[in-house]
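Visitor: sequence? don't have it. structure:
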C-alpha cells in the first residue's frame, strides 16, 4: 500500500510548517473551479484510495453544499464527523485545517486549549484544504481516515493533479 508523503509536514517545526502551508495554499489557487472539477477531484481521490488500499471518507464542498462525498471500504461514519469538524475550521479561518493547527503550535499553544471554538464542532487536524478561486474561498476538499499529515498530503496530491490537468481528461 502506497502512503501519501505526510513526512514532509511532520518533519517541520510549527513555524516552518505554517509558512510552507501558506505557500501551498497560494500555489493551489484556481482560476476557475466547477462542479465538473469537483467530480474529477472526488473521483481521483476515490480511485487513488482504492488503488492504495486506504480506508477513508472524503468530500468536496462549495460553501455549505456538499457536491461530492464518498468513502472506501473500511471507512466509518466517524470519518464523516471528522470531515465536518475540519471543514468548519476551513470555513472559519479560510485556511487549511493543518495550517490552523500549525499557527496555534507556532504561538506556543494548541487549538484545543487556546482556541475559542468548540472542539466538538471544530477540528484543527490535517485533511481539509480550502478551495480558492482566484484567492477567494469558495469551498473545501477533505480527507479523513489516515494520519492527519497523510490526510493533508493526499488532498494536496489530488489538487496538484487537478491543477496540472492530470485528471481533467482522465476521470469522467
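Guide: Structure received. Computed from a predicted model, the values in this text were never measured in an experiment.

Visitor: show the contacting residues for the closest residue in space to residue 151 that isn't next to it in sequence.
Guide: Ranked by Cβ to Cβ, 6 or more residues apart in numbering and with sequence neighbours excluded, the top spatial neighbour of residue 151 is residue 127, at 3.1 Å. C-betas here are computed from N, CA, C, even on glycine. Applying Cβ atoms under 8 Å, 6 or more residues apart in numbering to residue 127 gives the contacts 82-83, 86, 97-98, 142-144, 146, 148, 151-152, 155.

Visitor: of those, which belong to helices?
Guide: Among those, the subset assigned to helices under DSSP state H consists of 82-83, 86, 97-98, 148, 151-152, 155.

Visitor: quick one: which of those residues is nearest residue 28?
Guide: For residue 28, the closest of the ones in helices among the contacts of residue 127 turns out to be residue 155, at 9.4 Å, with distances computed as Cβ to Cβ.

Visitor: just to revisit the earlier point, show me which of the ones in helices among the contacts of residue 127 is closest to residue 65.
Guide: Nearest member of these to residue 65, counting by Cβ to Cβ, is residue 83, at 14.2 Å.

Visitor: what about the helices in this structure?
Guide: According to DSSP H, the chain carries its helices in the segments 7-10, 14-27, 35-52, 77-93, 97-106, 111-114, 148-163.

Visitor: what pLDDT does residue 105 get?
Guide: pLDDT for residue 105: 97.

Visitor: can you tell me the closest non-neighbouring residue to it?
Guide: Using Cβ to Cβ, 6+ apart and skipping residues adjacent in sequence, the residue nearest residue 105 is residue 14, 3.7 Å away.

Visitor: shouldn't that neighbour be in contact with residue 102?
Guide: Yes: under the contact definition of Cβ atoms under 8 Å, residue 14 touches residue 102, with a separation of 5.0 Å.

Visitor: among these two, which residue is more densely surrounded?
Guide: Here residue 14 and residue 102 are compared on neighbour count by other Cβ atoms under 10 Å; more neighbours surround residue 102, at 27 against 15.

Visitor: can you tell me how far the residue nearest to residue 105 is from residue 111?
Guide: 12 Å (Cβ to Cβ, to the nearest Å).

Visitor: what pLDDT does the residue nearest the centre of the chain get?
Guide: Centroid-nearest residue in the chain, with Cα atoms, centre = their mean: residue 128, separated by 2.7 Å. At residue 128, the pLDDT value in this model is 98.
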